[in-house]
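Colleague: coords please:
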Amino acid sequence: PPPTPASAPVADAAGEAASGSAADDGLRVTAAAVERLREVLDVAAGDVLRVTVESGGCSGFQYVFSVCGGADVAADDHVFDADHGVRVVTDDVSLTMLRGSEIDFAREMVRAGFVVANNPQSNGACGCGVSFEVKEEF
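Modeller: Below is the predicted model:
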């Protein structure tokens, strides 16, 4: 099959398309994030980027990014294949607060790192962009 563009909706672990609109069901991974993941992950060994949401931060919830081995992917995790083996993983609870978001790699004057952008579940974020406030529906 042709490669999945990095900004297109990606499939989950069951191989189902995230949907025509990632805002409904899945995550988008930008080309910049895929490029950086290729540099930091050992794709051949099955490494993944895990994105989780935890309580904390100045706005109530915070995004946590970690590199994990393929053996650390649980059967009930949601696995998104961003591009030829570059995978992003999240759990059920985190996905409810990430659904429709975009995983990006941002380079700024004072820092560089993975960020969650355009989160439709977010009502606002702190100045540094690490923590966010969820919408009332949650």
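
Colleague: going forward, measure contacts and count neighbours with C-alpha atoms only.
Modeller: Will do.

Colleague: Please report the average pLDDT across the helix or strand where Val93 lies, rounded to a whole number.
Modeller: Using DSSP states H and E, Val93 falls within helix 92-98. Regarding helix 92-98, the rounded mean pLDDT is 92.

Colleague: how about the CA coordinates for the helix or strand harbouring Ala33, as PDB?
Modeller: If you go by DSSP H and E, Ala33 is part of helix 31-40. Extracted in PDB, the C-alpha atoms of helix 31-40 (Å, rounded to 0.1, in the frame of the first residue of the first chain):
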ATOM      1  CA  ALA A  31       5.800  15.500   9.200                       C
ATOM      2  CA  ALA A  32       8.000  17.300  11.600                       C
ATOM      3  CA  ALA A  33       7.100  14.800  14.400                       C
ATOM      4  CA  VAL A  34       7.700  11.800  12.100                       C
ATOM      5  CA  GLU A  35      11.100  13.200  11.100                       C
ATOM      6  CA  ARG A  36      12.200  13.700  14.700                       C
ATOM      7  CA  LEU A  37      10.800  10.300  15.700                       C
ATOM      8  CA  ARG A  38      12.900   8.600  13.000                       C
ATOM      9  CA  GLU A  39      15.900  10.200  14.700                       C
ATOM     10  CA  VAL A  40      15.100   9.100  18.300                       C
END
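
Colleague: Quick check: next helix or strand after it?
Modeller: Following helix 31-40 in sequence, per DSSP H and E, is strand 48-55.

Colleague: Show me which positions of that following strand end up buried.
Modeller: Val48, Leu49, Arg50, Val51, Thr52, Val53 (16 or more other C-alpha atoms under 10 Å).

Colleague: Make TSV out of those and add pLDDT.
Modeller: Formatted as TSV, these follow (pLDDT from 0 to 100):
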residue	pLDDT
Val48	97
Leu49	97
Arg50	97
Val51	96
Thr52	94
Val53	90
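
Colleague: still on that earlier bit, would you tell me what the next helix or strand after the helix holding Val93 is?
Modeller: Next element after helix 92-98 (DSSP H and E): strand 102-107.

Colleague: could you give the angle of that next one to strand 48-55?
Modeller: 100 degrees (axes from the mean of the first three to the mean of the last three C-alpha atoms, to 10 degrees).
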